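Trainee: sequence first, predicted model second:
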Amino acid sequence: MTGLRLALVGAPNSGKSTLFNGLTGGRAKVANFPGVTVETRAGRFQTPEGRDVDLVDLPGIYGLNARSMDERVALSMMRGEVEGEAAPDGLIVLIDAANLRTHLHTVLQMRSLNVPMIVALNMIDLAERDGLKIDIAGLEQKLGVPVIPTCAPRKAGREGLLDRLDGEIRNWADRPRNPSDDLNLQTVQRDARKLAADVILEEPVMNRATRAIDGVVLHPVAGPFILAAILFFIFQAVFTWATPFMDLIEGGIGLLGVTLGTVLPEGWVHDLLVDGIIAGVGSVMVFLPQIVFLFIFILLLEASGYMARAAVMMDELMLRVGLNGRAFIPLLSSFACAIPGIMSARTIANERDRLTTILVAPLMTCSARLPVYTLIIAAFIPPTRVGFFNLQGLVMFGLYIIGVISAVVIAFVLKQTIVKGQTQSLILELPSYKLPNPQDFLLGLWMRVAAFLKRAGTIILGTSIVLWFLTSYPSSAGTLRESFAGQIGWVLQKFLAPIGFNLEIAIALVPGLAAREVAIGALGTVYAVQGGEENVMGLAETLQSAWSLPTALAFLAWYIFAPQCLATLATARRETNSWGWTAFMFGYLFALAYVAAGLTYHGTRLMGL
Amino acid sequence: MTLDQLGQHEIAQVLGFAPGNEVLVAQLREIGFAETDEVELMHTGPFGAGPFCYRLNRTLIALRQAEAAHILVERSEAQK
């Protein structure tokens, strides 16, 4: 049987990616807010009769007019206008059953394309639980296309769709395709509402749980405080709950280093393993528990439906800055990593708003900077209790907040100067709250953990080996300064000395461009090689004796702004389609990092610290 | 009256859209606002300022005041 190409289309957040993952075994990101999917994704599955189907997952669209980049991506793929990509043979149009009345016109617009289609009335279980009753057979008859109730995350909930797929596909071949003329939206809506009135047999008021939760979390006064409390709780939790696990890993790695150090005979293999690899990779692996805790919270927030509410509450602030509330979601994603953050700026229709969002996204503290902050804070900030809080947690929170405030200020300045433009509107659908799906949650967490481990096993391992060589040789070198790394770092350090950075920092910053936590691994290697045999203490203790407090604080300040990793720059280049803006982003962040580190260094020295 | 003049938990029916900004009107229609639909102001933004969250049929949609002012409504007879 011949292969067939189907595309998943429908309103944002109607469950397309969940259905895609369910059918193809794919790993598309799913969450509960509109605009999770911003690019197309292809996968393959077999129908019960054994027909191969290429399935394309598309960003959500409400209709046939594209405004934002993600909508353009979806429409051009659907119409077969993407070079090298065939037009789909048919569409699976998803609609959230609970919002049938509001979204039915989207189905009518898709139908006007005259492409073979199947309508999936998704999340039917939730709609029925609310008490919604729909005459599905009547809807199918009136629409003239198959309508199948589905529940995308469950196998049983996808069976109805699979069962009818083969039969429908056989009828497709000989249908003429002639898209109808320009649609009048008002007429389509009138038809849709009439249809809805006929087929919706019972329609209770909105989901009660969602109403009740929103009554609290969107309360005009309590709401913003709850948002701040949630964020603050996350930072405290990441900092304190992860500590026992981190101590465990650190202990294990220390033991491994000591054991290997005594078992292996003296020589370069011994030094490479102990001072290079274990000191380098090990000092980054210690932070795995923090990464796990951070992503547990981010994934729960994303899956629950709270993200869109947070965006609404931040909108007024964003409006004053000159941005759009929609920008909040890309910016919040950037706390995980700036790359998905920059990508999800595609949901912002106004190009200037999108550009501004991309330019400030790296100021959100990404998870790769978490190890850097944690290490320095653990070494230099005492864990004193301040009221209910731990001083270390407060400093960490402060670093995140400085990043956010800088982003707001810089966005404001950019909108006033080089990316002027009128403010875009905010029109955002808020999803019903849902309990996170355990399978999606675990898969999402695993993918993050795997990415972290992969970096540790590739980039960090690689730089540890290279750095070990550069710091250990030529073998005549008695000091770090005389090693290859020292000779290279010396040049850089001349430039960095005014902001209080020593030679070791200068050397570590270079590989830090690959990924920011690599700088920690690099410091681990550099100090291990220098320390020689007697060096069995953790990196934090080593830094405590090697760095002054002003240097440590300047290093933290540097990393609030520190120029992005190469992968972020590559993404920014692709999404802005401009080397100029990419260079601008790199340049302004570098300048800010330099100035902030310098001010911190000299400021704290003047204060006598 | 326009949607932004609605008080909290007041229910109204959509009559149409203010002329002038066709792009915005198309956007509002696409997300679902249509003549005869039932709307209710559910939540206001922080400290009573925008954006405003409206129930549109069974769907919850957030708009800024400027967007809400483009939607013409009539207060419903039956209030809860």
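Mentor: Yes, it's here. Numbering: from 1, shown residues only, chains lettered A, B, ... in the order given.
Trainee: endpoints of stretch A:74-86, how far apart?
Mentor: End-to-end distance of stretch A:74-86: 14 Å, with CA to CA, to the nearest Å as the criterion.
Trainee: going by neighbour count, list what's buried in it.
Mentor: Neighbour-count burial for stretch A:74-86 flags A:74-78 (criterion: 16 or more other CB atoms under 10 Å in any protein chain shown). Where C-beta positions appear, they are placed from N, C-alpha and C, glycine not excepted.
Trainee: for the chain, longest helix please?
Mentor: You didn't pick a chain, so chain A it is. helix A:579-606 (DSSP state H).
Trainee: think we crossed wires, I meant chain B
Mentor: Longest helix in chain B, counting by DSSP H: helix B:22-31.
Trainee: could I have the CA atoms of that one written out in CSV?
Mentor: Provided in CSV are the C-alpha atoms of helix B:22-31 (Å, rounded to 0.1, in the frame of the first residue of the first chain):
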residue,chain,number,x,y,z
GLU,B,22,-10.5,45.0,10.3
VAL,B,23,-7.3,43.2,11.2
LEU,B,24,-8.1,43.2,14.9
VAL,B,25,-11.8,42.2,14.2
ALA,B,26,-10.7,39.2,12.1
GLN,B,27,-8.4,38.2,14.9
LEU,B,28,-11.2,38.5,17.5
ARG,B,29,-13.5,36.5,15.3
GLU,B,30,-11.0,33.8,14.7
ILE,B,31,-10.4,33.2,18.4
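Trainee: how far does that helix sit from its chain's centre?
Mentor: Averaged C-alpha coordinates place helix B:22-31 at 13 Å from its chain's average position (CA atoms, centre = their mean, to the nearest Å).
Trainee: what do you get for stretch A:364-376?
Mentor: 15 Å.
Trainee: same question for stretch A:401-412.
Mentor: 19 Å.
Trainee: can you tell me the average pLDDT over that stretch?
Mentor: For stretch A:401-412, mean pLDDT is 91.
Trainee: also stretch A:338-351?
Mentor: Mean predicted lDDT for stretch A:338-351 stands at 88.
Trainee: kindly check the end-to-end length of that stretch for me.
Mentor: End-to-end distance (CA to CA), stretch A:338-351: 18 Å.
Trainee: buried stuff in that stretch?
Mentor: A:338-350.
Trainee: also near chain B: which of these, exactly?
Mentor: By CB under 8 Å from any CB of the partner chain, no member of those lies near chain B.
Trainee: helices along the stretch 51-200 of chain A, start to end?
Mentor: Ranges of helices in the stretch 51-200 of chain A, per DSSP state H, counting those that start in this stretch, are A:69-78, A:100-111, A:124-130, A:136-143, A:155-172, A:185-199.
Trainee: among those helices, which is nearest residue A:487?
Mentor: Residue A:487 sits nearest to helix A:69-78 of all those, at 46.2 Å, using CB to CB.
Trainee: give me the low-pLDDT residue ranges for the stretch 401-550 of chain A?
Mentor: A:421-424, A:475-478, A:531-537 (pLDDT under 70).
Trainee: can you count the residues close to the closest residue to chain B within it?
Mentor: Chain B sits closest to residue A:430 of the stretch 401-550 of chain A, with a gap of 4.2 Å, by CB to the nearest CB. Residues lying near residue A:430 (other CB atoms under 10 Å in any protein chain shown) number 27.
Trainee: ok, it to residue A:228 distance?
Mentor: Computed as CB to CB, to the nearest Å, the residue A:430 to residue A:228 distance reads 20 Å.
Trainee: do the same with residue A:573
Mentor: Residue A:573 is 35 Å from residue A:228, by CB to CB.
Trainee: among the two, which residue is more densely surrounded?
Mentor: Counted by other CB under 10 Å, residue A:573 and residue A:228 do not tie: residue A:573 has more neighbours, with 16 against 11.
Trainee: contact residues of chain B facing chain A?
Mentor: Counting by CB under 8 Å from any CB, chain B sits next to chain A at B:24, B:26-32, B:34-37, B:42-51, B:53, B:55-64, B:66-67.
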